[in-house]
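kindly return the folded structure for what I paste below:
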Amino acid sequence: MSNQRASMETIRQDIQVSFRYDVHFTKDVFSANNDTLADVMISTSDPRPHKIVVVLDGGLLDHYPDLEKRVAMYLQQRPELHLAHPPVILAGGEEAKNDPNSVHRVLQAIYDAGLCRHSFVIAIGGGSIIDVVGYAAGTAHRGIRLIRVPTTVLSQNDAAVGVKNGVNAFDTKNFLGTFAPPFAVLNDAAFLHSLEDRDWRSGISEAVKVALLKDADFFAELERNADRLSPDLRDLHAMSSLIYRCAELHLEHIATSGDPFEMGSSRPLDFGHWAAHQLEQLTRYELRHGEAVAIGIALDVTYSHLKGMLEQESCERTLQLLEGVGFDLYVPELGAHIDEPGHPRCIFQGLDTFREHLGGELTIMLLEDIGRGVNVHEVDRSIYRRAVSLLRDRQPAAKNVA
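As a prediction, the model looks like this:
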């Protein structure tokens, strides 16, 4: 037997798979005379009517009570499209990602509607709904065509334009998930009018993140537009420009990084996220994802400066931009148990979770200059403690009460 094994040869096959999807920018996507969505689905070569399951973020119905009816009418007016199941309404926000029944309900609708891999699932909502529906669509029949219609700043400029889907399990952010590129993304600016101030602001942190890593000119534009982007003014033109450029940089990274499905240990676009994910859990998701990311960015930028990697001026510009659009850069959970690294509620637990999720050695992104990030594999926790103290001291006294 050993001689037989020694004589065996190896068959090695390299497979190259190309993915393409478009991110469309439109307004009033479900208006009867807006053909963008219909054109995306009808453009496929299959001549049969396309079966469709629609999943709606329930929070949208508070602002658009007729949305379910409008979506149904839009599809019914086009004989090439067939709404094969009543729209599924899910509670939005992190609750959707924490509840296993959310995924089950989408899968049940896909099964009951008799969808095949040439059918469509349309996800309409914020980043959490996009994630839940993407995970269900990516696993049913090993992948059903997914169309994302994101309705928040954060989902339009980040969550919906990428290739990741994920839900929470075992008290861990995005423990379950897939890499499954969408069939298409439709960003409808009209939905942004309904956002609460916190949700309007939250997506700005992802734009700051990608600008810090990849485009100093974009960062300067964000600085110039800080007042217009703030929830006080809510300038839609400035926000639309932010979303477009942020999505463009995000897609460019996915296409050119050489690691779109994160097979390695580096995740540059998760700058600031090791702490952000931990803070979301520590606050029981009272912090929006974008709010936690803003704190995570502030922490890693401050650490980069204290470590001697980043000039003080660049650090201060970043902190002032985040504060200028209204982010708080400290919450009590950031500093709680910081001298007890083994405590389950210590922020440093986020480093261990991040390393475990990636596999291999710890790899986090820090900053050398605005527009230029760098991977590091070791951190000095004493310097991080100093960074936390500096962020705490920047906050008004009333907000530092645990």
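
now the helix or strand hosting Glu356, how far from the centre of its chain.
Element membership for Glu356, per DSSP states H and E: helix 349-358. Counting by C-alpha atoms, centre = their mean, to the nearest Å, helix 349-358 is centred 18 Å from the centre of its parent chain.

which stretches in the chain count as strands?
22-26, 50-57, 81-83, 88-90, 120-125, 145-150, 164-169, 172-179, 184-188, 364-369, 372-376 (DSSP state E).

can you tell me which of the ones you listed is most buried?
Compared across the strands of the chain, strand 120-125 shows the largest average neighbour count, a mean of 28 (mean count of other C-beta atoms under 10 Å). Any C-beta I mention is one placed from the backbone N, CA and C, and that applies to glycine too.

where does pLDDT dip in this structure?
In the predicted model, the chain carries pLDDT under 70 at residues 1-7, 44-47, 258-259, 261-268, 357-360, 397-402.

please report the distance of the most centrally placed residue in it from His377.
Centroid check for the chain by C-alpha atoms, centre = their mean gives Ala159 as the closest residue, at 2.8 Å. Distance of Ala159 to His377, given as C-beta to C-beta, to the nearest Å: 27 Å.

what residues does Ile130 make contact with?
123, 148, 150, 155, 159-160, 165 (C-beta atoms under 8 Å, 6 or more residues apart in numbering).

coming back round to it: and the strands of the chain as TSV, adding distance to Val71?
Below are the strands of the chain laid out as TSV (distance: least, C-beta to C-beta, whole Å):
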stretch	distance to Val71
strand 22-26	15
strand 50-57	6
strand 81-83	8
strand 88-90	11
strand 120-125	7
strand 145-150	9
strand 164-169	21
strand 172-179	25
strand 184-188	12
strand 364-369	39
strand 372-376	40
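
the ones you listed: which one's closest to Tyr384?
strand 364-369 (11.0 Å; C-beta to C-beta).

please save the CA atoms from the closest one in CSV.
The C-alpha trace of strand 364-369 is given here as CSV (Å, rounded to 0.1, in the frame of the first residue of the first chain):
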residue,chain,number,x,y,z
ILE,A,364,-4.9,45.3,11.7
MET,A,365,-4.7,48.4,9.7
LEU,A,366,-3.1,51.6,11.1
LEU,A,367,-2.4,54.9,9.5
GLU,A,368,0.9,56.4,8.3
ASP,A,369,-0.6,59.4,6.6
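
can you tell me what sits against it?
212-213, 216, 266-268, 270-271, 274, 300-301, 303-304, 307, 309-311, 314, 351, 354, 373-376, 379.

among these, which ones are buried?
Neighbour-count burial (16 or more other C-beta atoms under 10 Å) is assigned, among the contacts of strand 364-369, to 212-213, 266-268, 270-271, 274, 300-301, 303-304, 307, 309-310, 314, 351, 354, 373, 379.

which helices and strands does the helix holding Glu356 pack with?
Helix 349-358 sits against strand 172-179, helix 273-282, with contacts defined as 3 or more C-beta pairs under 8 Å, 6 or more residues apart in numbering; DSSP states H and E.

so Gln312 touches Thr302, yeah?
No. At 10.2 Å, Gln312 does not count as touching Thr302 under the criterion of C-beta atoms under 8 Å.

between these two, which has more neighbouring residues?
Higher neighbour count among Gln312 and Thr302: Thr302, with 26 against 9, using other C-beta atoms under 10 Å.

and the nearest residue to that one once chain neighbours are set aside, how close does it get to Pro396?
Spatial nearest neighbour of Thr302, excluding adjacent residues (C-beta to C-beta, 6 or more residues apart in numbering): Ala387 at 4.0 Å. From Ala387 across to Pro396, the span is 19 Å (C-beta to C-beta).

more crowded one of the two?
Taking other C-beta under 10 Å, Ala387 and Pro396 do not tie; Ala387 has more neighbours (22 against 8).

wait, isn't that one in contact with Lys307?
No. Counting by C-beta under 8 Å, Ala387 does not reach Lys307; the two are 9.1 Å apart.

re the thing from before, now, which of the contacts of strand 364-369 lie within helices?
With helices taken from DSSP state H, the overlap with the contacts of strand 364-369 comprises 212-213, 216, 274, 300-301, 303-304, 314, 351, 354.

let me have these in CSV, extended by distance to Tyr330.
Putting the ones in helices among the contacts of strand 364-369 into CSV (distance: C-beta to C-beta, whole Å) gives the following:
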residue, distance to Tyr330
Leu212, 19
Leu213, 23
Ala216, 26
Trp274, 17
Asp300, 14
Val301, 14
Tyr303, 14
Ser304, 17
Ser314, 20
Leu351, 19
Phe354, 21
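
I'd like to know which of those residues is nearest to Glu323.
Of those, the one sitting nearest to Glu323 (C-beta to C-beta) turns out to be Val301, at 12.3 Å.

check contacts around the closest one.
Per C-beta under 8 Å, 6+ apart, neighbours of Val301: 212, 310, 314-315, 318-319, 367.

report how many residues lie close to Glu378.
7.

now do the contacts for it.
Leu362.

Val88 versus that one, what's the distance?
For Glu378 relative to Val88 (C-beta to C-beta), the value is 46 Å.

likewise Val132?
For Val132 relative to Val88 (C-beta to C-beta), the value is 10 Å.

who touches both of those two?
Joint contacts of Val132 and Val88 (C-beta under 8 Å, 6+ apart) are 55, 106.

in this structure the residue nearest to the centre of the chain contacts Val132, no?
No. Contact between Ala159 and Val132 fails when scored by C-beta under 8 Å: they sit 11.3 Å apart.

for Phe19, which non-adjacent residue is spatially closest?
That would be Pro181: by C-beta to C-beta, 6+ apart, it lies 4.6 Å from Phe19.
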